[in-house]
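Curious how this folds, go ahead:
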Amino acid sequence: LQARYRDAEERAASHANALSGQALKTRELSEALEEEKRAAASLRAEVDQMATHKRMMDSDADGRARLLDQTQRELRSARDDLEIARQREATLQARLQQQPNAGNMQGEIASLRGQLASLPHLQA
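This next block holds a predicted model:
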């Protein structure tokens, strides 16, 4: 009877050790799982931050594109105005040559030349 009792005690101790080892492994796995959850949350936050930054950059790029389009339209308009002024100057020069005593045309031509001189960056 004592041998059976000792055998049962040994088996119980063996099971207790096994359960203790399993409890330790379970605790370690649980801690590892929590660490992975924290790492995943950190990565999610980083991805969200990067997505926000990308949206801001996209918005900024859209604004710059609109500004560039507006500037190009204004430049085309200024070049058109410059071409019109050149044509008017040529027309007035031709008329002036036909009527050499027309002093008011000389004033208009001088005025147009002044306007042209103030726009040197548009002369292309």
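
Which parts of the protein are strands?
Using DSSP state E, the chain contains no strands.

Low-confidence stretches in it?
Applying pLDDT under 70 to the chain flags residues 100-106, 120-124.

one more time with 80, if that's ok
95-109, 112, 115-124 (pLDDT under 80).

Send over stretch 50-60 as CSV, restricted to the C-alpha atoms.
Extracted in CSV, the C-alpha atoms of stretch 50-60 (Å, rounded to 0.1, in the frame of the first residue of the first chain):
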residue,chain,number,x,y,z
MET,A,50,2.4,58.3,-42.7
ALA,A,51,-1.0,58.3,-44.4
THR,A,52,-1.8,61.6,-42.8
HIS,A,53,1.5,63.0,-44.0
LYS,A,54,0.8,61.7,-47.6
ARG,A,55,-2.6,63.3,-47.6
MET,A,56,-1.1,66.6,-46.6
MET,A,57,1.6,66.3,-49.3
ASP,A,58,-1.0,65.4,-51.9
SER,A,59,-3.0,68.4,-50.9
ASP,A,60,0.1,70.7,-51.1
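
From L96, how far out is the nearest residue to Q115 once chain neighbours are set aside?
Nearest non-adjacent residue to Q115, counting by Cβ to Cβ, 6 or more residues apart in numbering: A85, 5.9 Å away. (Glycine included, C-beta is placed from N, CA and C.) According to Cβ to Cβ, to the nearest Å, A85 and L96 sit 16 Å apart.

what does S118 give?
For S118, the distance to L96 - Cβ to Cβ - is 22 Å.

Could you check which of those two has the larger neighbour count?
A direct count of neighbours by other Cβ atoms under 10 Å for S118 and L96 places L96 higher, at 17 against 9.

I figured the more buried one was touching I109, is that so?
Yes - the criterion here is Cβ atoms under 8 Å, and L96 meets it with I109 at 6.8 Å.
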